[in-house]
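> Next comes the sequence, and after it the predicted model I'd like to discuss.
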Amino acid sequence: MNTRLIAIVGAALFALGLFLLGWHLGAKNIQADWSAAKVAQATADADANRENRVIESRRQSNIIEAQNAATLRNKTLQVAAASAGAVAVSLRDEIATLRRSLPGLADDAVRQRADAVASVLADCSREYAGMAATADRHASDVKTLIDAWPK
């Protein structure tokens, strides 16, 4: 019976050894697959981050270009508004000169009409310039947003 017991114990130890060897080799294989997957994922993450930085940099450049173009447009609009204001002042001064040069009018109605025309012209010029400035700013803002929008 001792030989039979020794054979059974030997077979059990052999089976246990084979099981442990298989376990060890399987664990190494799974660990290698796991490590390869982690490396592949890390590489994919790095590539995606690099691509996102390039895209963000391009978008930031577009925004800066749009803002610079908007600044230039606003300066141009300010010059145009100042020029329109100068023309309005010139017209107002011309009307005032005309009013003063009227030879000794005894009739106040002529002066009142000249004053009314000057007042209306001043109001119209001011309102028109304000409306034009608002429209120009709005158009510039729209252009800035369109230029800065990601393409």
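Done, it's in.
> now for the longest helix along the chain, which elements pack on it?
Identified as the longest helix of the chain according to DSSP state H is helix 2-101. Packed against helix 2-101 by the contact rule (3 or more C-beta pairs under 8 Å, 6 or more residues apart in numbering; DSSP states H and E) you find helix 108-148. Using the backbone N, CA and C atoms, a C-beta is placed for each residue, glycine as well.
> what angle separates the longest helix of the chain from helix 108-148?
Between the axis of helix 2-101 and that of helix 108-148 there is an angle of 160 degrees, by axes from the mean of the first three to the mean of the last three C-alpha atoms, to 10 degrees.
> what pLDDT, on average, does helix 2-101 get?
For helix 2-101, mean pLDDT rounds to 85.
> Now do that helix: distance to the chain's middle.
Computed by C-alpha atoms, centre = their mean, to the nearest Å, the separation of helix 2-101 from the middle of its chain amounts to 16 Å.
> what does stretch 121-137 give?
A distance of 30 Å separates the C-alpha centroid of stretch 121-137 from that of its chain, computed with C-alpha atoms, centre = their mean.
> mind listing what's buried in it?
By neighbour count on 16 or more other C-beta atoms under 10 Å, the buried set for stretch 121-137 is 125, 129, 133, 136.
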